[in-house]
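Participant: heads up, no residue letters with this:
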């Protein structure tokens, strides 16, 4: 296990369709985060899990978005009724427990969503 | 070397010169800071971090400086190489918080 894996890398969908992304964190990391990044901007926090518990959600996460981490390992992010404004890179990151993150978050390569 | 006093979205630097990338943060509660490098189509990659009890930290070819008085962070890259071409982000983390807040990125282009 060499890093955070995200699948798919790219997704093109029609407006109104539902999409689901998957993130596999580093196996010993119990914290998992989802971020969204639009072109030219820094990543913006969406939500955070500690093990299977979703502990915080950003106001960016509208009711069309839902994230799960059912067994405290991989996580899914689902967007229902996609809109063109959802087009972005969705990044997943994981960290071990600890106040000071030894090497910061470890990010995956992201899923690039394009809503047409 | 090339440097900017304020945050600029782009920085063009001659190969071999030193680069300085600046970042301002706003949250007084932030006490941990990280610089990330992001190449096209990839996720952010950790470069170096610094805690608020330090003013300076050095890594391999990189140095981070923290000025808490003016809430300013900088990343210095020595002897910039073509592989350093990327977007660089600073990120801050506040005590009792788990999420990172990212600043506006700086696109560094290295000229041969």
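Facilitator: That came in fine, so what should we check first? Nothing here was measured: the structure is a model prediction, and the numbers come from that model.

Participant: going by C-alpha atoms from here, please, whenever you check contacts or count neighbours.
Facilitator: Will do.

Participant: which element, helix or strand, includes residue B:96?
Facilitator: For residue B:96, there is no host helix or strand (DSSP states H and E).

Participant: and it, how many neighbours?
Facilitator: 9 (other Cα atoms under 10 Å in any protein chain shown).

Participant: quick check: phi and psi on it?
Facilitator: Main-chain torsions, residue B:96, degrees, to the nearest 10: phi 60, psi 20.

Participant: how near is it to chain A?
Facilitator: Residue B:96 is 8 Å from chain A, where distance means Cα to the nearest Cα, to the nearest Å.

Participant: ditto for residue B:34
Facilitator: The gap separating residue B:34 from chain A is 7 Å, by Cα to the nearest Cα.

Participant: next: residue B:76.
Facilitator: Look at residue B:76 and chain A: by Cα to the nearest Cα, they are 18 Å apart.

Participant: residues in contact with that residue?
Facilitator: Listed by Cα atoms under 8 Å, 6 or more residues apart in numbering or on different chains, the contact partners of residue B:76 are B:18, B:19, B:20, B:21, B:62, B:63, B:64.

Participant: highest neighbour count among those?
Facilitator: residue B:21 (27 neighbours).

Participant: return the distance of the one helix or strand residue B:48 maps to from the chain's centre.
Facilitator: Using DSSP H and E, residue B:48 sits within strand B:45-51. Put simply, strand B:45-51 sits 8 Å off its chain's centre (Cα atoms, centre = their mean, to the nearest Å).

Participant: direction included, what does the helix or strand just after it pair against?
Facilitator: Using DSSP H and E, the helix or strand that directly follows strand B:45-51 along the chain is strand B:56-58. Strand B:56-58 sits in its sheet next to strand B:62-67 (antiparallel), going by DSSP bridges.

Participant: list of residues touching the partner strand?
Facilitator: B:48-50, B:52, B:54-58, B:72-78.

Participant: for the chain, which segments count as strands?
Facilitator: Just going to use chain A. With DSSP state E as the definition, chain A shows strands at residue ranges A:5-7, A:10-13, A:19-24, A:31-37, A:44-50, A:53-57, A:65-68, A:75-79, A:88-95, A:106-107, A:111-115.

Participant: the intended chain is chain B.
Facilitator: Listed in chain order, the strands of chain B (DSSP E) span residues B:10-14, B:19-24, B:30-38, B:45-51, B:56-58, B:62-67, B:72-77, B:86-94, B:101-102, B:106-111.

Participant: for beta bridges, what are the partners of residue B:10?
Facilitator: Beta-bridge partners for residue B:10, by DSSP bridges, are residue B:107.

Participant: look up how far residue B:42 lies from the closest residue to residue A:84 other than its chain neighbours.
Facilitator: Spatial nearest neighbour of residue A:84, excluding adjacent residues (Cα to Cα, 6 or more residues apart in numbering or on different chains): residue A:115 at 5.0 Å. Shown here: residue A:115 relative to residue B:42, a distance of 20 Å by Cα to Cα, to the nearest Å.
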